[in-house]
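In: what shape does this take:
(chains A and B)
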Amino acid sequence: MTISASRKDLASAAMFLAIGSYFTLEALNYDIGTPFRMGPGFMPVALGGVLIVLGLIVALTAFRGPDTDEPTPFPWRGLVLILGTIVFFGATIRGLGFIPVVFLSALATAFSSRANNPIAAVIIAVSLCALCLLIFVVGLGLLVPWFGPWLRF
Amino acid sequence: MDLIASLGLGFSVALDPVNIFYCFLGVLLGTLVGVLPGIGPTATIAMLLPITFTLSPATALIMLAGIYYGAQYGGSTTAILINLPGESSSAVTAIDGYQMARQGRAGPALATAALGSFFAGTVATLLLAYFAPPLARAALNFGAPEYFSLIVLGLLVSIALAHGSILKALAMIVVGLLLGMVGQDIYTGQPRFTFGFRELFGGLNFVSVAVGVFGVAEILRNLENEKTREVMVKTVKNLWLTKDDFRRIVGPVVRGTAIGSLLGVLPGGGHILSSFASYSAEKRLSKHPEEFGKGAIEGVAGPESANNAAAQASFIPLMTLGIPAHPVMALMVGAFILQGITPGPNVINEQPALFWGIIASMWIGNILLVVLNLPLIGLWVKMLTIPYRILFPAIVMFACIGCYSINQNIFDVYAIAIFGLLGYLLIRFGCEPAPLLLGFVLGPLLEEHLRRAMIISRGDPMIFLERPISATLLGFAVLAVVIAVLPSIRKKRDQVFVEED
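Out: Now for the predicted structure:
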């Protein structure tokens, strides 16, 4: 890239601006009220405005100079597998039941590290599954079927 | 006087076998997460909150508190043995502690850390017992304006101590405050920022936010470049200190305890500041400053005492005002609320057994820590070699199941993924996550007290300056920011954090 600015600062500024704008715009739909009796929109609009201003200042400071450290590679594999697993867990815990979901999730998470080979991943998944079943379902009485309704024929 | 009677009540609670067991479990888990890489006390406490739900309030809080100070302790073990501070507050310990370990004096270094922490923990617990009641009484006179100013002070002090850019830390607080606004408005019941989902009417689950931002984000960051940790010290022998060592650590331990107790009360990570302050004080006072950085035992004794004293002292604002001094304390607020207790000045009168029980348990926890750490140090050294690839799937699973089990709400699980991603991106762009969580927890309180104060004053913002306590607190808040941006202090602060990295 040719611009001599801190990419980290620009990126964080963009995130602050995005978050600030969303909250401000959305809060404008709510009743702002008066300083005496503030409505539900008062604080979010005020804070969103502050965040936008801060975001702009951070963006300005970015032009003091580029980052000194090399950007580290994005852990794509980890990002997709771990975040995907969490969403998968939420989406299927009621339908598939505890044992299949925990086993599959643990397996997928274990694979997000390049250091784990398939055998290790299976071992990790089986032991985690047993451990979690003991702690949460047997020990703490979490109300969740071992095998969910989707698996009953 | 009734301090004795109160402490008696406290010990009767803390010495209950069930409570001793959970206290032990807490410090054990705490030491474990302090020793293990990639998971800190914040994420652990967040994940274990749902588990403590079924316990009685005193037992639950005793265990969570144990995790917190246990982690401070475990963090120093890794700092000494492998030069990787498990907790940011033990970064200073790594400087001289690791050098001692390299010279074959790991045993004395660990023993010094243990004894110093124990002394500091005892003193700070007594201070907490002594000062909490009058502070709580004073806090009963606090009205909405005072609380508002106090929260502002807490938030602003926390940025002064954050890593890196102050601007970004400030922005992170605001992001946290905004996230705290999600859910139904307290006065009108209007749903805000819910995208129409009923599940979000009660607000974002703060366990999900904490686990996402501190647990999942940290895992993603560690996956950027996986490397194995080198454990140089395989066995630790000879834990005993020589007479000469003893003589050398007494002064640093006492001074460290004093520094830690004072700074720990500050909102926003006083324990990190206090260990740095103690280290530089010892270096200045020492007759042999050149030994520092090359394995001076004073450089372990002082900071270790200071950070443990500060960890204990940070319970003071929580127990008396209901204001968390840092993210772990913010989770403790959540633990109180889950148990149906509003933390604040009323706890001491309405729940004396709980209040004094927690205080007494801290002392018991400190004894347990010494027992756990010195004779069993070999076990912890083994723990250090557990590879990260086995650990993080467990962290992810515990996070998911734990969050789901609180309300059986799958939205709480999705929130982990969203906040994990957000947290990871923000950390990657050089923003500290701690202020965000603090803002998130304090956001609703800030809004409530602001709105109430404005109703009291009929819309006149001068009320915050006309009331003396409120004005003083705001004055301190401004001072904290000014000090943080002063060039000379900025430079010092940068140096301090460079040493940490």
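In: how close does the residue lying farthest from the centre of chain A get to B:Ile456?
Out: Distance from the C-alpha centroid of chain A, by C-alpha atoms, centre = their mean, peaks at A:Phe36 (37.5 Å). A:Phe36 sits at a distance of 10 Å from B:Ile456 (criterion: C-beta to C-beta, to the nearest Å). (C-beta placed from N, C-alpha, C; glycine too.)
In: from the contact counts, what lies against the helix or strand harbouring B:Ile401?
Out: For B:Ile401, the host element (DSSP states H and E) is helix B:388-407. If contacts are counted by 3 or more C-beta pairs under 8 Å, 6 or more residues apart in numbering or on different chains; DSSP states H and E, helix B:388-407 sits against helix A:84-96, helix A:98-111, helix A:118-132, helix B:41-52, helix B:206-210, helix B:217-224, helix B:410-428.
In: okay, those helices, which one's buried deepest?
Out: Here the criterion is mean neighbour count by mean count of other C-beta atoms under 10 Å in any protein chain shown, and of the helices and strands packed on helix B:388-407 the winner is helix B:206-210, at a mean of 27.
In: can you find the helix or strand of chain A with the lowest average pLDDT?
Out: Taking mean pLDDT, DSSP states H and E as the measure, chain A has helix A:76-78 as its least confident helix or strand, at a mean of 83.
In: what packs against that helix?
Out: helix B:217-224.
In: host element of B:Ala71?
Out: Following DSSP H and E, the helix or strand that holds B:Ala71 is helix B:57-82.
In: helix or strand right after that helix?
Out: Per DSSP H and E, the first helix or strand lying C-terminal to helix B:57-82 is helix B:91-102.
In: what's that following helix in contact with?
Out: By C-beta atoms under 8 Å, 6 or more residues apart in numbering or on different chains, the surrounding residues in contact with helix B:91-102 are B:76, B:79-85, B:106, B:108-109, B:113, B:232-233, B:272, B:275-276, B:278-279, B:292-300, B:303-304, B:307, B:499-500.
In: try it again at 6 Å.
Out: Here helix B:91-102 makes contact (C-beta atoms under 6 Å, 6 or more residues apart in numbering or on different chains) with B:76, B:79-81, B:83, B:85, B:109, B:233, B:275-276, B:279, B:293-296, B:299-300, B:303-304, B:500.
In: neighbours of A:Arg37, how many?
Out: When neighbours are counted by other C-beta atoms under 10 Å in any protein chain shown, A:Arg37 registers 14.
In: for it, give me phi and psi.
Out: Dihedral pair for A:Arg37: phi -120, psi 90, per degrees, to the nearest 10.
In: which one is whichever residue of the stretch 51-200 of chain B sits closest to chain A nearest to, not counting chain neighbours?
Out: Per C-beta to the nearest C-beta, B:Asp185 is where the stretch 51-200 of chain B lies closest to chain A, at 3.6 Å. Of all residues not flanking B:Asp185 in the chain, A:Pro40 sits nearest, at 3.6 Å (C-beta to C-beta, 6 or more residues apart in numbering or on different chains).
In: re the thing from before, mind listing what's buried in the helix holding B:Ala71?
Out: For helix B:57-82, a neighbour-count test (16 or more other C-beta atoms under 10 Å in any protein chain shown) marks B:57-82 as buried.
In: what residues are up against residue 116?
Out: In the absence of a named chain, this looks at chain A. For A:Asn116, the contact set (C-beta under 6 Å, 6+ apart) comprises A:Ala110, B:Arg389.
In: not quite, I wanted chain B
Out: Here B:Gly116 is in contact with B:Val253, B:Ala301, B:Glu304, B:Ser305 (C-beta under 6 Å, 6+ apart).
In: most neighbours out of the residues you listed, which is it?
Out: Among these, B:Glu304 has the most neighbours (other C-beta under 10 Å), with 38 neighbours.
In: ok, now how distant is it from B:Ala120?
Out: On the measure of C-beta to C-beta, B:Glu304 and B:Ala120 end up 8 Å apart.
In: then B:Ala453?
Out: For B:Ala453, the distance to B:Ala120 equals 38 Å [C-beta to C-beta].
In: same deal with B:Tyr404?
Out: Taking C-beta to C-beta, one finds B:Tyr404 at 39 Å from B:Ala120.
In: these two: who's more crowded?
Out: Comparing B:Tyr404 with B:Ala120 by other C-beta under 10 Å, the one with more neighbours is B:Ala120, at 33 against 25.
In: rounded mean pLDDT for whichever strand or helix holds the more buried one, please.
Out: Taking DSSP H and E as the definition, B:Ala120 sits inside helix B:106-139. Average pLDDT, helix B:106-139: 86.
In: do the same with stretch B:54-68
Out: On average, the pLDDT along stretch B:54-68 is 88.
In: what lies in contact with that stretch?
Out: Stretch B:54-68 is contacted from outside by B:13, B:19, B:22-23, B:25-27, B:29-30, B:41, B:44-45, B:52, B:328, B:335, B:339, B:354, B:357-358, B:361, B:365, using C-beta under 6 Å, 6+ apart.
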